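J.: Show me the folded form of this:
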Amino acid sequence: MPFIRVDWFPGRTLDQKREMIDVLTKEFCRIAECRPETIDVIFTEVDRESWGRAGKLFCDEYEYENEKDE
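T.: Prediction:
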């Protein structure tokens, strides 16, 4: 059973999550030639204080105007 995990910063709406699950499931099934019933998707919202890159926390080093682009 395929399992898709999306780690991202908080802030997406419920409608955005619904659309993301719909699109990820459809495209995964198209490419992998499997049924939608076999796909699980989980979103993990991680605070900037708990995520780092290049040795620095996002809360300390990185600032984005629009988190949707991350």
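J.: looking at this protein, which helix or strand is least sure?
T.: Lowest on mean pLDDT, DSSP states H and E among the helices and strands of the chain sits helix 58-61, with a mean of 88.
J.: which residues touch that helix?
T.: For helix 58-61, contacts defined as CB atoms under 8 Å, 6 or more residues apart in numbering pick out 9, 47-49, 51-54. Every C-beta, even on glycine, is put in place using the N, C-alpha and C of the backbone.
J.: can I get the CA coordinates of that helix in PDB?
T.: Taking Å, rounded to 0.1, in the frame of the first residue of the first chain, the C-alpha atoms of helix 58-61 are listed here in PDB:
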ATOM      1  CA  PHE A  58      13.900  28.200  10.000                       C
ATOM      2  CA  CYS A  59      12.700  30.400  12.800                       C
ATOM      3  CA  ASP A  60      16.200  31.900  13.100                       C
ATOM      4  CA  GLU A  61      17.400  32.100   9.600                       C
END
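J.: so how far is E19 from P10?
T.: Distance of P10 to E19, computed by CB to CB, to the nearest Å: 17 Å.
J.: what do you get for R30?
T.: Counting by CB to CB, the separation of R30 from E19 is 16 Å.
J.: now swap in R12 and tell me
T.: Using CB to CB, R12 is found at 10 Å from E19.
J.: Now do the strands in the protein.
T.: Taking DSSP state E as the test, the strands found in the chain are 3-8, 40-45, 52-53, 56-57.
J.: I'd like those as a markdown table, with mean neighbour count, mean pLDDT and distance to L24 appended.
T.: Shown next, in a markdown table, are the strands of the chain (neighbours: other CB atoms under 10 Å; pLDDT from 0 to 100; distance: least, CB to CB, whole Å):
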| stretch | mean neighbour count | mean pLDDT | distance to L24 |
| --- | --- | --- | --- |
| strand 3-8 | 12 | 97 | 6 |
| strand 40-45 | 12 | 98 | 6 |
| strand 52-53 | 12 | 92 | 23 |
| strand 56-57 | 12 | 91 | 28 |
